[in-house]
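Undergrad: Just the structure for this:
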Amino acid sequence: MAEIGEKARKAASALAMAATKQKDAALLAAAMCVRANADDILKANAQDVADALESGLAPSMIDRLTLDGKRVEAIAKALEEIAALPDPVGSKMAEWDRPNGLHIERVRVPLGVIGIVYESRPNVTADAGALCLKAGNAAVLRGGSEASRSNKAIHASLVEGILAANLPEASIQLVPVTDRAAVGEMLKGLNGNIDVIVPRGGKSLVARVQEEARVPVFAHLEGVCHVYVDGEADLDMARNIVLNAKLRRTGVCGSAETLLVDDACAATHLAPLVQALLAEGCEVRGDEATRKTDARVKPATEEDWYTEYLDAIIAVRVVKGVGGAIAHIGKYGSSHTECIVTANGRTADRFFAEVDSAILLHNASTQFADGGEFGMGAEIGIATGKFHARGPVGVEQLTSFKYLVRGSGQVRP
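TA: All right, here's what the predicted structure looks like:
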């Protein structure tokens, strides 16, 4: 692990000076290699999935782990999309002149070496590595043991692309062991060689990282995401959004876990929404008002309002207007993603102003909480903290800045 850190630091120095064309060439070559090696990637993944099924891994985690032809192609396309993004390194964030004649610029610079600790999703190997490289950073990746073969196969394609562009092989390193001690060494900073840690995984993983890390952390907590259906919501729109937000992919962090319905429209909207969810095979756990709509609704406990199910389960509650929805989200939410469905723009504006989450949507599914959907090419994760990075962590969020001050002989009196 110490050697990995040393190699990463040397690679980071080279990447910080690498030309945009060289970084993009590495990513485009890696995309070609992913496509060329698709059969090997899928064979490796099939072995991982078989072992995961045998070990009783949760269905939501199996979904995150599983690759098919379309998902492998999506990995390759994401690499190409990241290559097409503007290079943030060296870009001017601001500039101004002082009365004494000094000219000051604030420009973006790489963070250095980024450690990413993640579970299940093999595509994170490509997304995280590519985003770090594009932003001029070296990456140290430690994936979960359940996806070890898949991660190695994808990483091999990344290395092929890196070498084809004459960049250091250690630009993107995959930790070759799966024991927890390796994570512990990363959290200590690898002798000062890791600048930032990004955890992407379950609550226990993130909690461990936040507790043990001796370097800054981009926190990615669980997605206890809400859809609030306001009294002025169109029922058909609300139904489509709720079904998509919950069921399109239940295992992603942007999946809605709680549905809040305004008491002003409960008489007309609550039962149709609940019955639509039940018809699609979704388990509904509700408050008293919700249980009255259908005998199949199970009683919700206090714990349900805090729960990220990552499964076809949703908690449903009737609230008193947008104020009730805001209060519920403030108490039970994880500051990830929330949606309001309403035809009233002023109500939506209040929701946007008073809900303190990283991503807020008006009349759109929470499943859009994704860096690719934001035009970022991909993301390392959705940061729910408030410092440096918040929301999708893309190339710009993987940079810091420095000040360039130009003078003509000025001295301070």
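Undergrad: Show me what the helix or strand of the chain with the lowest mean pLDDT is packed against.
TA: Sorted by mean pLDDT, DSSP states H and E, the helices and strands of the chain end with helix 203-212, the least confident at a mean of 83. Applying 3 or more CB pairs under 8 Å, 6 or more residues apart in numbering; DSSP states H and E, we find helix 203-212 packed against helix 180-188, strand 196-200. In this view, the C-beta of every residue, glycine as well, is placed from N, C-alpha and C.
Undergrad: hey, which of those is tucked in deepest?
TA: strand 196-200 (a mean of 25; mean count of other CB atoms under 10 Å).
Undergrad: State the mean pLDDT of it.
TA: In this model, strand 196-200 has a mean pLDDT of 90.
Undergrad: Give me the contacts around that strand.
TA: The contact list for strand 196-200 (CB atoms under 8 Å, 6 or more residues apart in numbering) reads 111-119, 121, 124, 128, 186-187, 205-206, 209-210, 213, 215-220, 380-381, 393.
Undergrad: now do 7 Å
TA: With CB atoms under 7 Å, 6 or more residues apart in numbering as the test, strand 196-200 has contacts from 111, 114-118, 124, 186-187, 205-206, 209, 213, 215-218, 220, 380-381, 393.
Undergrad: what are the ranges of the helices in the chain?
TA: Using DSSP state H, the helices found in the chain span residues 2-17, 20-36, 38-55, 59-65, 69-84, 123-134, 148-164, 180-188, 203-212, 235-247, 271-279, 288-291, 321-332, 345-354.
Undergrad: The third one vs helix 69-84, what angle?
TA: Our comparison of helix 38-55 with helix 69-84, counting by axes from the mean of the first three to the mean of the last three CA atoms, to 10 degrees, yields an angle of 120 degrees.
Undergrad: And the first one, by the same measure?
TA: Between the axes of helix 2-17 and helix 69-84, defined by the same axes, to 10 degrees, the angle is 50 degrees.
Undergrad: What lies in contact with helix 2-17?
TA: 110, 112-113, 133, 136-138, 140, 167-168, 170-171, 173, 175, 190-191, 193-194.
Undergrad: what do you get for the second one?
TA: Taking contacts as CB under 7 Å, 6+ apart, the residues outside helix 20-36 that touch it are 72, 75-76, 79-80, 82-83, 87, 126, 130, 133-134, 154, 157-158, 160-162, 164-165, 167.
Undergrad: And that helix, what's buried?
TA: 23-35 (16 or more other CB atoms under 10 Å).
Undergrad: same thing with the longest one?
TA: Residues 38, 41-42, 44-45, 48-49, 51-52 are the ones in helix 38-55 that count as buried (16+ other CB under 10 Å).
Undergrad: Got a PyMOL select line for the buried ones in the contacts of helix 20-36?
TA: Listed next is the PyMOL selection for buried residues among these, using 16+ other CB under 10 Å:
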select buried, resi 72+75+76+79+80+82+83+87+126+130+133+134+154+157+158+160+161+162+165+167
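Undergrad: hmm, back to that, which of the contacts of helix 2-17 fall within strands?
TA: Judged by DSSP state E, those include 110, 113, 138, 140, 173 as members of strands.
Undergrad: want to throw the residues you listed into a markdown table with pLDDT, neighbour count and distance to A312?
TA: Below are these laid out as a markdown table (pLDDT from 0 to 100; neighbours: other CB atoms under 10 Å; distance: CB to CB, whole Å):
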| residue | pLDDT | neighbour count | distance to A312 |
| --- | --- | --- | --- |
| P110 | 97 | 26 | 41 |
| V113 | 98 | 30 | 40 |
| A138 | 98 | 32 | 40 |
| V140 | 98 | 28 | 35 |
| Q173 | 98 | 25 | 37 |
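Undergrad: of all those, which comes closest to G409?
TA: In terms of CB to CB, no member of the ones in strands among the contacts of helix 2-17 lies closer to G409 than P110, at 31.6 Å.
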